[in-house]
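**Student:** give me a model of this one.
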Amino acid sequence: MDSGYSRKLIWDYINGYYIENVDELENDYKFMMDVINITRDKNMYNLCSEEIKSNYEFVMFMIDLFKDDIDFICEIASQYINVVEENSIYVKDLIFTMCDMLEEYKDNEKYWIFFVKRKSQLYRILMMV
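**Tutor:** You can find the predicted model right below:
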């Protein structure tokens, strides 16, 4: 993954050094993906703008990177689903992806939340036919 930003800039951001355009960087999903990929710190998600948190590519990156933290990825997925248009192909894909990822956690309430969302999406698709 290459955002086009220098490693020095990314490390300066990680180390908390002064950066003139920090707000702009925190609003660039590719920059934040690089930062999070290097740090592996899910708390960096909190520094991201709402715009980034509603970026499908960024959300899928986070879910893949932190797939072992079910609570965290469910929170990210739910936040995305709540702010993006319900009929978006990205929302549908995310719901199906989450259901597949959580398949082995059928005893977890979070699985059932996405399961119901998936069934709802399938029902809507069938109604369109």
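
**Student:** contact partners of stretch 105-124?
**Tutor:** 70-71, 74, 77-78, 81, 87, 92, 95-96, 98-99, 102-103 (Cβ atoms under 8 Å, 6 or more residues apart in numbering). Any C-beta I mention is one placed from the backbone N, CA and C, and that applies to glycine too.

**Student:** for stretch 57-64, same thing?
**Tutor:** Stretch 57-64 has contacts (Cβ under 8 Å, 6+ apart) with 29, 32-33, 36-37, 42, 45, 48, 52-53, 73, 76-77, 80, 94, 97-98, 101.

**Student:** buried ones in the lengthiest helix in the chain, by neighbour count?
**Tutor:** Identified as the longest helix of the chain according to DSSP state H is helix 109-128. By neighbour count on 16 or more other Cβ atoms under 10 Å, the buried set for helix 109-128 is K110, Y111, I113, F114, F115, K117, R118, Q121.

**Student:** lowest average confidence, helix or strand, in this protein?
**Tutor:** When each helix and strand of the chain is scored by mean pLDDT, DSSP states H and E, helix 109-128 comes last, with a mean of 75.

**Student:** kindly format the C-alpha coordinates of it as PDB.
**Tutor:** Extracted in PDB, the C-alpha atoms of helix 109-128 (Å, rounded to 0.1, in the frame of the first residue of the first chain):
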ATOM      1  CA  GLU A 109     -25.000 -11.600  19.500                       C
ATOM      2  CA  LYS A 110     -23.000  -9.500  16.900                       C
ATOM      3  CA  TYR A 111     -23.200 -12.400  14.400                       C
ATOM      4  CA  TRP A 112     -27.000 -12.400  14.600                       C
ATOM      5  CA  ILE A 113     -27.200  -8.600  14.100                       C
ATOM      6  CA  PHE A 114     -25.400  -9.000  10.800                       C
ATOM      7  CA  PHE A 115     -27.300 -12.200   9.900                       C
ATOM      8  CA  VAL A 116     -30.600 -10.300  10.300                       C
ATOM      9  CA  LYS A 117     -29.200  -7.400   8.200                       C
ATOM     10  CA  ARG A 118     -28.100  -9.900   5.500                       C
ATOM     11  CA  LYS A 119     -31.600 -11.600   5.500                       C
ATOM     12  CA  SER A 120     -33.200  -8.200   5.100                       C
ATOM     13  CA  GLN A 121     -30.900  -7.300   2.200                       C
ATOM     14  CA  LEU A 122     -31.700 -10.700   0.500                       C
ATOM     15  CA  TYR A 123     -35.400 -10.000   1.000                       C
ATOM     16  CA  ARG A 124     -35.100  -6.600  -0.600                       C
ATOM     17  CA  ILE A 125     -33.200  -8.100  -3.600                       C
ATOM     18  CA  LEU A 126     -36.000 -10.800  -4.000                       C
ATOM     19  CA  MET A 127     -38.700  -8.100  -3.900                       C
ATOM     20  CA  MET A 128     -37.000  -6.300  -6.700                       C
END
